[in-house]
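Chemist: What shape does this take:
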Amino acid sequence: MAVTGQRQDITVDGVARWYLVTTPPARRGAGPVPLVVDLHGLGEGATLHTEWTQFGAKAQASGFIVVFPEGTGSPVSWDIAPATSARPNRDIDFMNAMLDAVEARQCVDTSRVYADGFSDGALFTSLLACAMAHRLAAFAAVAGIVMPSPCAPGRKVPILAFHGTADPILYFNGGVGTAVLNHVLGGGPAPTTTTMPPTELNGKGYPANVKAWAAKDGCNLRPTDTKLHAHVIVRSYRCPRGAAVEFYIVVGGGHAWPGSKLGATLKSITGPSTFEINATDIIWEFFRHHRLAS
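Modeler: Numbering: from 1, shown residues only. Next up is the predicted model:
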């Protein structure tokens with residue numbers, strides 16, 4: 001029987017954690033199904049994030065399971081620092097324990113488990129691409145792809161990224177719009193004016209972060225840019241077998257999940273969104289072409 005947004009509680013490292021799970025309707029002869037981990041942004045939380053991305057509806061229509069984990073703290077967030085011998089990363093422990101629990105209850109194709117995230121969740125997704133590439137087949141980061149250091153995934157990692165050139169929180173070419181961020185988190189007044197730094201499509205910041213992943217995957221570092229729509233450019237790298245690096249650049253786009261109706265309601269704060277593409281659809285299409293080698 002399909003479930004939608006069902007809460008599951010779990011204790012990890014002595015701490016109570018939880019996540020929401022949505023499963024598709026049973027299909028005769030379907031066999032094991034893929035699993036997507038969809039990670040919320042800073043201060044957003046799992047419940048709101050389900051509305052933001054609509055990955056639950058996508059999962060039920062396309063026949064995969066999706067889980068929406070909840071971070072910790074106030075505002076709720078993810079630990080985006082690599083684990084060390086002196087300082088473990090409790091959120092990575094949570095991810096592994098959550099996957100163990102879901103795989104024990106559901107018929108999961110463990111070669112097709114994926115992770116995506118928005119903003120702070122995108123930063124954490126980037127870390128998972130380094131730390132959990134043995135368990136997660138591909139990764140997608142919306143408004144926040146980075147190259148953590150150190151990063152030793154142990155294999156070539158399929159990476160999909162999205163970023164708006166007019167993002168007022170995580171600037172396209174690096175830096176943080178702290179005034180807007182503080183306002184979004186409820187800790188400051190709305191900025192009366194927002195002066196965005198100039199944009200270089202091939203400059204530092206997020207374009208450079210995507211290129212760094214292409215380099216790690218052994219891809220040709222001269223990408224091809226394709227104007228997909230009036231405000232969307234797709235940057236593709238030619239990569240070895242098993243790898244893939246794609247970057248959707250939303251020209252004039254803000255700190256938003258492309259195609260999200262809920263995200264578009266925050267245009268006055270987080271900048272314009274776009275409905276020329278739908279990130280949820282594109283992410284699933286990217287994911288379904290990748291699986292872990294047996």
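Chemist: Doesn't V180 belong to a strand?
Modeler: No - counting by DSSP: H, G, I helix; E, B strand; the rest coil, V180 is not found in a strand; it is helix.
Chemist: How about it, nearest residue that isn't a chain neighbour?
Modeler: P168 (4.6 Å; Cβ to Cβ, 6 or more residues apart in numbering). Quick note: C-beta positions are derived from backbone N, CA and C, even for glycine.
Chemist: Does the one you found touch G252 like I think?
Modeler: No - taking contacts as Cβ atoms under 8 Å, P168 lies outside contact range of G252: 11.7 Å.
Chemist: These two: which has the busier surroundings?
Modeler: P168 (22 against 13; other Cβ atoms under 10 Å).
Chemist: Tell me which residues touch that one, please.
Modeler: G177, V180, T194, M196, G254, H255, T270, G271 (Cβ atoms under 8 Å, 6 or more residues apart in numbering).
Chemist: rerun at 10 Å
Modeler: Going by Cβ atoms under 10 Å, 6 or more residues apart in numbering, P168 touches 176-177, 179-181, 183-184, 191, 194-196, 254-255, 269-271.
Chemist: Same question for stretch 243-258: list its buried residues.
Modeler: 243-251, 253-258 (16 or more other Cβ atoms under 10 Å).
Chemist: Show me which pair in these is furthest apart.
Modeler: Across those, the longest distance by Cβ to Cβ is 29.8 Å; it joins A243 and G254.
Chemist: quick one: the helices in the stretch 101-250 of the chain?
Modeler: Along the stretch 101-250 of the chain, the stretches classed as helices by DSSP state H, counting those that start in this stretch are 120-131, 178-184, 206-216.
Chemist: Give the other helices and strands that the second one contacts.
Modeler: The criterion is 3 or more Cβ pairs under 10 Å, 6 or more residues apart in numbering; DSSP states H and E, and the helices and strands that helix 178-184 contacts are helix 267-270.
Chemist: Which strands or helices does the helix or strand following the helix it packs on pack on?
Modeler: Once the chain leaves helix 267-270, the next helix or strand it forms, by DSSP states H and E, is helix 279-287. For helix 279-287, the contact count by 3+ Cβ pairs under 10 Å, 6+ apart identifies strand 33-39, helix 46-53, helix 55-62, strand 108-118, strand 138-142, strand 159-164, strand 245-250 as packing neighbours.
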